[in-house]
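A.B. asks: take this sequence and fold it.
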Amino acid sequence: MNLPRPLSHSSISMYGECPLKYKLKYVDGIPEKPKHFFAFGQSVHKALEFFYKVEALPAPSLEELLKNYRENWVTLGYRDQAQEAEYFQQGKDILAGYHRRHAAALRIPYSVEYDFRFTVDGVPVTGKVDRIDRQEDGRFCVVDYKTGKALTAGRVAQDAQLTMYQLACESLLGAEVARLIFYHLPTHHEHSVGRRSQEQLGELRARIKRTAEAIIAERFEAKPSENSCRWCDFKAHCPVFSSASAVVPAADELAALIDRFGELTARRAELDGEAAGVKAALLDILRRKGYVRAFGARFEVQRCGAGKIEFSEANKKKVIHLIKAAGLYESVLAPSAPLIQKLLADAGADAELRAALRALGAPVEASDLKVTPL
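C.D. replies: Have a look, this model is predicted:
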C-alpha cells in the first residue's frame, strides 16, 4: 500500500503509540469522538491568528479580539453547558492577559498559521506552525502555543514537534531557525531553546522514514498500554478488547439495563452541570450583596466553608523557604496546604511570617453552599 496521507507530527506520534490505532483512524477512516480540549485549543488559536494577522499596526483592540473569539468559538466535545461556559471564560481570561502583555509591543510576524508540505527522504510530510517571527539578524523564531497542562521541565529541548517545525522552515523558507518556543498560554510563560542540533534533525528524519516504511508494509499490530488504552476511542474495533466484550441483542435484559444506566449517567452529568452553573450564579449574587444566608419559597441557602489563601506554583518554593526559615517546616508537614491555612489563621503565630505568606498567595472566597428544605 501507499501512505494514506502525508505524515505529520501527530500521525507519527499516533503510529508510535499504537500502529493499530493509526490504521483505524487514517486507513479505515473511523472518526474519533470530539474532544473538548481540542475545541478549546482551536478556539484560542483562531483568536490569536486574528490578533497577529494584521496588515498594519496597531494591534486589534481587546474588544475586537474577544469579539472574534466569540464568533469563532468551537462548541464540540464539551460534557455540558457548564463545562463549556467554564472553558469559554478561561479562554477570555487567557486572551485578555495575552493582549495586556503583547498588544503595545506587537510586531507583525513573518507568518501566522504557516501550512507546510515537503518531503523527507521521499516521504511527504505536512503540518502547521502557529507563528514564525523574523529576528533582526534575519533568522527565524518558531512559536507554538499550548493551552493544556503546564509543560514538564526539559520538554521544549527534546519535543519532536518543534524539531519538525525547524526542519520544515529551513527546508522551505531559506533561512536558519534561531529559536524554538512553546508558549504556555494559561501561564503566559515562554519555554524557549536554541536551534536543534544536526543529530536531532537526523534522528527525526530516520523516524519519519521508519514510520513510512512500516505503514507501507502494513505493520498495524495493536500496542496496548494502560495509559493509551484508557482513553482510546477505538476499543470496539480492537482485538485486544474483543475477548472481554460482548454485543447483545437490543431486546435482551442486559442491553436494556446498559442503555438505561447510560441514560441515567448522562442525565446525572447534565444535572450536575446545571447545578454547578446555578450554584456559581448564587454565590456570585451572595458575594456582591454581602449575604451569608438567603431564602427562596422552598429552600434556604447559606454560604459555608472558610476562605483561604491559594499559592501559585511559582510561589510554592518561596512559601516553603519562609516556613523553614521560621523553624516551622516539620510542624507544617512538608508543608501541607491545610496546615498552612491553619497557620495563616492563627493569631498567635509570627505576624511577619503570616504577612509574608499572604503576600505570596491570593485570597479565595468560600465557594460552597449548604441547601436545606424549609
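A.B. asks: what about Arg101, which SS state?
C.D. replies: helix (DSSP: H, G, I helix; E, B strand; the rest coil).
A.B. asks: not counting sequence-adjacent ones, nearest residue to it?
C.D. replies: In this structure, Arg101 finds its nearest non-sequential neighbour in His188, 6.0 Å apart by Cβ to Cβ, 6 or more residues apart in numbering. All C-beta spots, glycine's among them, are computed from the backbone N, C-alpha and C.
A.B. asks: how much space between that neighbour and Thr147?
C.D. replies: 12 Å (Cβ to Cβ, to the nearest Å).
A.B. asks: settle it for me: which of these two has more neighbours?
C.D. replies: Set His188 next to Thr147 and count neighbours by other Cβ atoms under 10 Å: Thr147 wins out with 20 against 13.
A.B. asks: give the contact list for that one.
C.D. replies: Thr147 is in contact with Phe37, Phe40, Gly41, Val44, His45, Ile94, Leu185, Pro186, counting by Cβ atoms under 8 Å, 6 or more residues apart in numbering.
A.B. asks: so which elements touch the longest helix along the chain?
C.D. replies: Looking across the chain with DSSP state H, the single longest helix is helix 253-289. When contacts are defined as 3 or more Cβ pairs under 8 Å, 6 or more residues apart in numbering; DSSP states H and E, helix 253-289 packs onto helix 81-102, strand 299-304, strand 368-373.
A.B. asks: quick one: which of these is nearest Ala217?
C.D. replies: Nearest to Ala217, of all the helices and strands packed on helix 253-289, is helix 81-102, at 41.5 Å by Cβ to Cβ.
A.B. asks: and that closest one, what does it pack against?
C.D. replies: Here helix 81-102 touches helix 36-52, helix 62-71, helix 253-289, going by 3+ Cβ pairs under 8 Å, 6+ apart.
A.B. asks: how far off helix 81-102 does the first one point, in degrees?
C.D. replies: Translated: helix 36-52. Per axes from the mean of the first three to the mean of the last three Cα atoms, to 10 degrees, the angle that helix 36-52 makes with helix 81-102 is 30 degrees.
A.B. asks: buried stuff in helix 36-52?
C.D. replies: Across helix 36-52, burial judged by 16 or more other Cβ atoms under 10 Å covers 36, 39-41, 43-52.
A.B. asks: what's the angle from that helix to helix 62-71?
C.D. replies: Going by the same axes, to 10 degrees, helix 36-52 makes 140 degrees with helix 62-71.
A.B. asks: now do helix 36-52: everything it contacts.
C.D. replies: Residues outside helix 36-52 that contact it (Cβ under 8 Å, 6+ apart): 59-60, 64-66, 68-69, 72-79, 83-84, 87, 90-91, 94-95, 98-99, 106, 108-109, 112-113, 130-131, 145, 147-148, 185.
A.B. asks: now do the contacts for Val319.
C.D. replies: Val319 sits next to Phe311, Pro335, Ile340, Leu357, Leu360, Gly361 when contact means Cβ under 8 Å, 6+ apart.
A.B. asks: buried ones among the residues you listed?
C.D. replies: Buried members of the contacts of Val319, scored by 16+ other Cβ under 10 Å, are Phe311, Pro335, Ile340, Leu357, Leu360, Gly361.
A.B. asks: now, which of these sits nearest Ala280?
C.D. replies: Nearest to Ala280 among the buried ones among the contacts of Val319 is Gly361, at 22.3 Å by Cβ to Cβ.
A.B. asks: quickly list the domain ranges of this protein.
C.D. replies: Domain assignment for the chain by automatic domain parsing gives 1-244, 246-288, 304-373.
A.B. asks: which stretch among the ones you listed comes nearest Arg298?
C.D. replies: domain 304-373 (6.8 Å).
A.B. asks: quick one: classify Ala178 as helix, strand or coil.
C.D. replies: Three-state assignment for Ala178 (three-state DSSP): strand.
A.B. asks: hmm, it is touching Gly138, no?
C.D. replies: No. In this structure Ala178 lies outside contact range of Gly138 using Cβ atoms under 8 Å: 9.2 Å.
A.B. asks: comparing those two, which residue is more hemmed in?
C.D. replies: Between Ala178 and Gly138, counted using other Cβ under 10 Å, the more crowded position is Ala178 (17 against 9).
A.B. asks: quick check: closest non-adjacent residue to the more buried one.
C.D. replies: Once flanking residues are discounted, Ala178 sits nearest to Arg139: 3.8 Å by Cβ to Cβ, 6+ apart.
A.B. asks: tell me the confidence at that neighbour?
C.D. replies: pLDDT recorded at Arg139 is 97.
A.B. asks: quick check: it touching Leu173?
C.D. replies: No. Counting by Cβ under 8 Å, Leu173 is not a contact partner of Arg139; they are 10.6 Å apart.
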